[in-house]
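Engineer: predicted model, plus sequence, below.
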Amino acid sequence: MRILVIEDEHKIAGAIKKGLEQEKYAVDVEYDADNGYGAALNEPYDVMIIDRMLPGSMEGLDIVKKLREKKIHTPVLLLTAKDQIRDRVTGLNAGADDYLIKPFSFEELLARVRALLRRPSETKGNVLKVGDLTLDTTNYNISRAGKTIALSSKEFALLEYLMRNAGQVHSKDNIIAHVWNFDADILPNTVEVYIGYLRNKIDKPFKGRPLLHTLRGFGYKIEAKK
C-alpha cells in the first residue's frame, strides 16, 4: 500500500517514512504544500498523512478541501500541534478522516493508518482471506491451507494490495503505483518478476488450486475460483 506524507519538519517526516517502510508500506514524502498538493492530485495513494501548517501558498486544510472538491476521497490523517477541540472539528469538517496531535507515538500513528486502510471495506479488518489463503496485516503472518508462507517485504506488499482488492484486475502500472514509491527503480518486467515470486510460494505448492491469475493484455488478479 502506498502512502503520501506531507510534512515540512524533515526529522518528523524522515521518522514517519522510516517507520512506515519498516511496516512494508511504500512511502513518498513532500515538504511543502504546493508540491504535496501536486503529488496528492496526480499520484494514486491509499492514505495521506498531511501536516496542518505547511510552507507554501496554502496550508494542510486547504490541500484536504481542494482534494475533496476534486472528488479525491483518499483517506487523510491530519497532523497538528493545535490541540483545541475547535481545531480538530475544523480539520474534520474540512474533509480529513482522522486527526493526530503532535507530539505523537509512532505506534499510534501506525494504528490510525491501519484503521484508515480498513475503512473502504470494513469487513476485511486486519486479516485478509482469499480462498484458503490468509494474510494478517498486523503480525505479517501468511498461510495457505494451514501452511506458513515466508515472503519478502515487497512480496508481502504486493500480495496485500491484491488481496485487499480481490477479484479486481490490476494493470502493471496500477500495481506499481500502489506498491512501489515514486522514486523506486522499476524495470518494465518488475511486476512480472514479483508475480512469479508469489506464484512460486502461494500457488505452485498447492497444485490445481491457483489463486493468482493473469489476464493477457489486462493485468493480474487474485481470486479463488469456484
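Structural biologist: Sure thing, it's come through.

Engineer: Ile63 against Tyr37, yeah?
Structural biologist: Yes: between Ile63 and Tyr37 there is a contact under C-beta atoms under 8 Å: 4.9 Å. (Each C-beta comes from the backbone N, C-alpha and C, glycine too.)

Engineer: so between the two, which is more surrounded?
Structural biologist: Neighbours per residue, other C-beta atoms under 10 Å: of Ile63 and Tyr37, the larger number sits with Ile63, 28 against 23.

Engineer: surely that one is in a helix?
Structural biologist: Yes: assigned with DSSP: H, G, I helix; E, B strand; the rest coil, Ile63 falls within a helix.

Engineer: for the lowest-mean-pLDDT helix or strand in the chain, buried residues please.
Structural biologist: When the helices and strands of the chain are scored by mean pLDDT, DSSP states H and E, helix 85-93 comes last with a mean of 74. For helix 85-93, burial by neighbour count (16 or more other C-beta atoms under 10 Å) applies to 87-88, 90-91.

Engineer: likewise stretch 95-108?
Structural biologist: For stretch 95-108, by 16+ other C-beta under 10 Å, it's 95-100.

Engineer: of those residues, which belong to strands?
Structural biologist: With strands taken from DSSP state E, the overlap with these comprises 98-100.

Engineer: output these in CSV, with distance to Ser152 and pLDDT appended to each entry.
Structural biologist: Shown next, in CSV, are those (distance: C-beta to C-beta, whole Å; pLDDT from 0 to 100):
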residue, distance to Ser152, pLDDT
Asp98, 30, 91
Tyr99, 34, 89
Leu100, 30, 91
